[in-house]
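S.K.: got a structure for you, letters missing:
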């Protein structure tokens with residue numbers, strides 16, 4: 001059986017490469033979108049190529065400048081007016097109260113020593129003066145605490161005074177009790193109370209006064225600081241309005257554009273009001289600081305020095321040489337009296353230079369005369385005491401006639417009169433300074449709105465010519 005020949009075919013080999021795939025279609029690139037800022041710039045450039053477009057841009061810029069001027073002026077002047085109001089109604093009254101606290105404490109110490117010297121039967125006037133001083137100091141401390149942050153320096157000193165004052169009054173009452181019994185221990189308690197007053201109470205009161213005076217100075221500086229930003233924006237806005245009117249005249253040969261003229265007048269009024277108002281306020285506040293605040297500080301220092309000198313004079317007789325200076329050579333209270341009288345004389349010399357009218361100078365000159373008389377009488381009392389005549393010296397210190405006590409009262413009354421005058425002068429000048437800024441923030445904002453409206457109306461009048 002014959003078989004057909006087998007035809008052998010070569011095996012097909014597998015392809016060495018995968019069939020080519022069609023190239024992937026790249027994702028469609030989204031159309032580019034310009035940002036809002038770029039689009040706005042494009043439109044602005046396009047608008048700037050035509051006169052109506054330029055007018056629209058000018059109108060918008062003018063309105064923005066005038067509104068910005070009014071807003072900045074209202075903000076800055078509101079800040080200055082608030083500081084001026086603080087000077088009048090808060091900072092200075094608190095500073096004056098702090099000085100009164102110091103004076104009341106020092107006067108209470110003086111009254112206590114004067115009453116002690118009178119003997120077992122304390123004079124009613126001395127007792128009432130002491131009680132009045134303590135009550136005033138307590139009341140002013142409550143008022144100061146209500147208007148002061150407890151974590152501030154003033155708050156800490158108020159807390160210290162409130163803590164120490166009851167201790168002082170307790171020691172004074174103990175001294176009085178022993179004095180009424182005729183026991184010498186009363187003098188020791190009185191000296192201890194005086195040491196507590198000198199070491200604890202008066203330094204705390206001084207720190208309180210310094211802190212409140214520093215706050216007054218800050219408020220005063222803030223109120224007097226020039227509103228530089230407002231003035232700069234005002235000058236730029238006014239210059240832009242003048243330029244716009246000049247441009248309008250050059251292109252139309254029209255002298256006035258009523259809208260632009262109204263906007264210029266509004267900006268000029270605000271700028272003039274700002275400059276004059278703040279200049280007047282600054283001048284009045286400068287006057288209050290120079291002829292009121294400085295005088296008040298010097299006179300308060302003088303009055304406190306006189307009170308300290310009087311207390312030390314009394315304690316000289318109470319201690320009778322039992323308390324010496326650190327070097328052990330001199331009577332401590334007599335030395336402190338001399339130091340206090342020297343400070344008093346220096347402060348009165350300053351007060352004479354600062355007094356700017358007869359009403360203020362007269363009481364100061366009366367105080368100077370009283371100090372001279374006081375020194376002469378003290379020297380006489382000291383000589384009498386050193387001669388061994390204690391009763392004679394006592395009469396020359398606390399007696400009803402020709403005594404150092406009378407001289408002290410004359411000095412104290414004269415200084416009180418001078419302080420009252422300078423307080424009135426300060427308040428008047430500070431209130432005038434505050435008044436010069438009254439209405440300016442609201443007026444500036446209102447005029448700025450009117451000015452911006454005028455600028456837009458003026459530009460729209462020109463635009464209407466192209467329609």
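M.R.: Structure received. Given the structure is predicted, the values throughout are model-derived calculations rather than measurements.
S.K.: how about the nearest residue to residue 260, chain neighbours excluded?
M.R.: Spatial nearest neighbour of residue 260, chain neighbours left out: residue 458 (3.9 Å); criterion: Cβ to Cβ, 6 or more residues apart in numbering. Quick note: C-beta positions are derived from backbone N, CA and C, even for glycine.
S.K.: Sorry, slip of the keys, the one I care about is residue 350.
M.R.: residue 298 (4.7 Å).
S.K.: Quickly find the element holding the one you found.
M.R.: Secondary structure assignment for residue 298, by DSSP states H and E: helix 294-319.
S.K.: what's that helix packed up against?
M.R.: helix 92-117, helix 185-196, helix 332-354, helix 358-386, helix 390-398, helix 404-436 (3 or more Cβ pairs under 8 Å, 6 or more residues apart in numbering; DSSP states H and E).
S.K.: what angle sits between it and helix 185-196?
M.R.: 150 degrees (axes from the mean of the first three to the mean of the last three Cα atoms, to 10 degrees).
S.K.: Next, find the distance separating the residue nearest to residue 350 from residue 409.
M.R.: 21 Å (Cβ to Cβ, to the nearest Å).
S.K.: Comparing these two, which residue is more hemmed in?
M.R.: Regarding residue 298 and residue 409, a neighbour count based on other Cβ atoms under 10 Å identifies residue 298 as having more, with 23 against 13.
S.K.: Just the terminal-to-terminal distance for stretch 194-210.
M.R.: End-to-end distance for stretch 194-210: 22 Å, by Cα to Cα, to the nearest Å.
S.K.: Give me the buried positions along it.
M.R.: 194, 196-198, 200-202, 204-209 (16 or more other Cβ atoms under 10 Å).
S.K.: residues in contact with the closest residue to residue 313 other than its chain neighbours?
M.R.: Here the nearest residue to residue 313 in space, its sequence neighbours aside, is residue 337; by Cβ to Cβ, 6+ apart that works out to 5.0 Å. For residue 337, the contact set (Cβ atoms under 8 Å, 6 or more residues apart in numbering) comprises 309, 312, 313, 316, 378.
S.K.: Could you report the pLDDT at residue 337?
M.R.: As predicted, residue 337 sits at a pLDDT of 90.
S.K.: Distance check, it against residue 111.
M.R.: Residue 337 is 17 Å from residue 111, by Cβ to Cβ.
S.K.: Over to residue 92?
M.R.: Going from residue 92 to residue 111 by Cβ to Cβ gives 28 Å.
S.K.: Residue 51 now?
M.R.: Taking Cβ to Cβ, one finds residue 51 at 87 Å from residue 111.
S.K.: What of residue 389?
M.R.: Here residue 389 is placed at a distance of 25 Å from residue 111 (Cβ to Cβ).
S.K.: now swap in residue 387 and tell me
M.R.: The gap separating residue 387 from residue 111 is 28 Å, by Cβ to Cβ.
S.K.: okay, those two: which has more neighbours?
M.R.: Neighbour count, other Cβ under 10 Å: between residue 387 and residue 111, residue 111 has more, with 27 against 10.
S.K.: residues in contact with the spatially closest residue to residue 114 that is not a sequence neighbour?
M.R.: Nearest residue to residue 114, sequence neighbours excluded (Cβ to Cβ, 6+ apart): residue 126, at 5.1 Å. Counting by Cβ under 8 Å, 6+ apart, residue 126 makes contact with 111, 112, 114, 115, 118.
S.K.: Which SSE is immediately downstream of the helix or strand hosting residue 126?
M.R.: Element membership for residue 126 (DSSP H and E) is helix 124-146. Later in the chain than helix 124-146, the nearest helix or strand by DSSP H and E is helix 153-180.
S.K.: in that following helix, what's buried?
M.R.: Judged by neighbour count (16+ other Cβ under 10 Å), helix 153-180 contains these buried residues: 153-158, 160-161, 164-165, 168-169, 171-172, 174-176, 178-179.
S.K.: Show me the shaky parts of the stretch 301-450 of the chain.
M.R.: Residue ranges of the stretch 301-450 of the chain with pLDDT under 70: 321.
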